[in-house]
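Participant: What shape does this take:
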Amino acid sequence: VTGSLVEDLTEINTANTQPDNTFANWASLYHVINNCNLVLTRAGAVRSEDPSYAEGDYLADCSQMLALRALCYFYLVRNFRDVPYVTQAFMNSSQNRNIPQSAPDSVITACINDLKTAEQNALSASAFTDWRRVGYMTKDAIQTLLADMYLWRGSVMHNAADYQACVDYCDKVIASKKAQHVADRNETEVKDYYLASGRMMFDELFVDQNAEESIFELQFSEAQGNMATCQYYARINNGGKPYLYASSIFANKGLVYTSEAGGKKEQDWRGLTFTYNSPTTVGSSDGLELRKYVSDFTETGGNYNLITSTSYATKNRAYTTLYQQNYIVYRLTDVMLMKAEALTALATADDDIRLREAFNMVQAVNSRSKTIELSNDSMQWAAFSSSGIATMEELVLSERLRELAFEGKRWYDLLRYNYRH
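Facilitator: Residues are numbered from 1 along each chain as shown. Got it, this is the predicted structure:
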């Protein structure tokens, strides 16, 4: 790492971040926002010049631009709170760019209104069978982003209507994903949620990519490599170590997989596949290197002992400018756990209906990753039926940590929790 980057990382570590810190620069997000504004400003004129640019294509393009712009602002508000909100396109250097900051609630409300407009003309994910199914901001992706925004605003404003809106949009996405499922030849069981088995989840989501349960992924290819993820998760250069290590709480005797509700690490495929097995000898002495977004090992059905097998744990993507690992923004289990969180926030004392439904969501996410028979699983409703709202809220938060580890979710989960309290 160069000297300036070390200084920038040290600033963050000591909570003394300066305005010129590389990692606190929001220019790239505003670059995307301005591109969206350019399309929204100019696309109408293109229609009048190009008769082959059909109205349906125009409306679908505008839908995607509104959604991508809202996604950028959602990240900005959650990270920086008050931010400049711009819907005009900057086309020349003479335009005034000193835009005052807007309050976060007004930005979120404007984005929700844009997303509702985008939803009306959104592309259907079922219209595609290739990467566009999850590479475009489809109706599924827009409704997921709406659910996420309502959950955030509900947590900040303590608004039951926002929590209910989150639940409603989660239900729409869950129903849509169920309807899109294409059954295998010998498949007879009808499920509420079509999720990959715990054994195959890693390969389908983080090796093969664009899995059936995925909703929106940033797409990378030979023409556009994902060097940000490469350097952050895998390695800074061909021989260097990555920026990010997993805390020792993810280790075999750490906190994440030793709780009674979560199950032990050797009983959870996520615990066995998301990180390496042994603490790293470089950097933090008790940290773990990541496998998620790093390993390209494909499961072939062998009976691997993931605690000891080096063949499973050491296959890494090469450091290259063509690092083609997609980055997942939203997937189905994220939506399921959003709904569980919103239901718990809506619940009142002794509200067994909402709490049981929230528990069922958590259990569905947790059980698909278990290496043990479900009859031996410690996560049973009988153990939680009288535990109350606080315990259920902690269960949801813990399950999101296990399921979505290293996917850019945890900080926002903790912020929502603190806003609610």
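Participant: Now do the helices for the stretch 51-200 of the chain: every range, in order, please.
Facilitator: Secondary structure of the stretch 51-200 of the chain (DSSP state H, counting those that start in this stretch): helices at 55-80, 104-120, 132-135, 139-157, 160-180, 198-203.
Participant: chain center to the first one, what's the gap?
Facilitator: In other words, helix 55-80. 16 Å (Cα atoms, centre = their mean, to the nearest Å).
Participant: Helix 139-157 and that one, what's the angle between them?
Facilitator: Using axes from the mean of the first three to the mean of the last three Cα atoms, to 10 degrees, one finds that helix 55-80 and helix 139-157 are set 30 degrees apart in direction.
Participant: If you count contacts, what does helix 55-80 end up packed against?
Facilitator: For helix 55-80, the packing partners by 3 or more Cβ pairs under 8 Å, 6 or more residues apart in numbering; DSSP states H and E come out as helix 27-49, strand 83-84, helix 104-120, helix 139-157. All C-beta spots, glycine's among them, are computed from the backbone N, C-alpha and C.
Participant: Quick one, which of those gets closest to D130.
Facilitator: Judged by Cβ to Cβ, the one of the helices and strands packed on helix 55-80 that comes nearest to D130 is helix 139-157, at 15.5 Å.
Participant: Alpha carbons of that closest one, as CSV, please.
Facilitator: Presented in CSV, the C-alpha positions along helix 139-157 are these (Å, rounded to 0.1, in the frame of the first residue of the first chain):
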residue,chain,number,x,y,z
LYS,A,139,-39.0,-4.3,-11.3
ASP,A,140,-37.7,-6.9,-8.8
ALA,A,141,-34.6,-4.7,-8.1
ILE,A,142,-36.7,-1.5,-7.9
GLN,A,143,-39.2,-3.0,-5.4
THR,A,144,-36.3,-4.4,-3.4
LEU,A,145,-34.7,-1.0,-3.2
LEU,A,146,-38.1,0.5,-2.2
ALA,A,147,-38.3,-2.1,0.6
ASP,A,148,-34.8,-1.2,1.8
MET,A,149,-35.6,2.5,1.8
TYR,A,150,-38.8,2.1,3.7
LEU,A,151,-37.1,-0.1,6.2
TRP,A,152,-34.4,2.6,6.6
ARG,A,153,-36.9,5.5,6.9
GLY,A,154,-39.1,3.5,9.3
SER,A,155,-36.1,2.9,11.5
VAL,A,156,-35.1,6.6,11.5
MET,A,157,-38.5,8.1,11.8
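Participant: can you offset everything so residue one is 10?
Facilitator: Sounds good: first residue 10 from here, last item helix 148-166.
Participant: In this structure, what helix or strand scores lowest on average pLDDT?
Facilitator: Ranked by mean pLDDT, DSSP states H and E, the weakest helix or strand in the chain is helix 319-322, scoring a mean of 46.
Participant: after it, next one along is what?
Facilitator: strand 336-340 (DSSP states H and E).
Participant: which stretches of the chain aren't confidently modelled?
Facilitator: Residue ranges of the chain with pLDDT under 70: 10-12, 247-248, 268-271, 286-295, 307-325, 328-330, 383-387.
Participant: how near is the residue located most distally from the centre of it to Q97?
Facilitator: Distance from the C-alpha centroid of the chain peaks at E58, with 39.3 Å (Cα atoms, centre = their mean). Separation of E58 from Q97 (Cβ to Cβ, to the nearest Å): 22 Å.
Participant: ditto for S57
Facilitator: Using Cβ to Cβ, S57 is found at 21 Å from Q97.
Participant: more neighbours, those two?
Facilitator: Q97 (12 against 8; other Cβ atoms under 10 Å).
Participant: Enumerate every residue touching the closest residue to the more buried one other than its chain neighbours.
Facilitator: Once flanking residues are discounted, Q97 sits nearest to N46: 6.2 Å by Cβ to Cβ, 6 or more residues apart in numbering. Applying Cβ atoms under 8 Å, 6 or more residues apart in numbering to N46 gives the contacts M74, R78, V95, T96, Q97, A98, F99.
Participant: which of those tops the neighbour count?
Facilitator: For those, the largest number of neighbours (other Cβ under 10 Å) sits with R78, at 26 neighbours.
Participant: Okay, that residue and Y94: tell me how far apart.
Facilitator: Using Cβ to Cβ, R78 is found at 10 Å from Y94.
Participant: Same question for C45.
Facilitator: To Y94, C45 is 13 Å away according to Cβ to Cβ.
Participant: Tell me which stretches of the stretch 310-430 of the chain form helices.
Facilitator: Taking DSSP H, counting those that start in this stretch as the test, the helices found in the stretch 310-430 of the chain are 319-322, 341-355, 361-376, 398-412, 419-429.
Participant: what packs against the second one?
Facilitator: Using 3+ Cβ pairs under 8 Å, 6+ apart as the contact criterion, the neighbours of helix 341-355 among helices and strands are helix 148-166, helix 169-189, strand 223-227, helix 361-376, helix 398-412.
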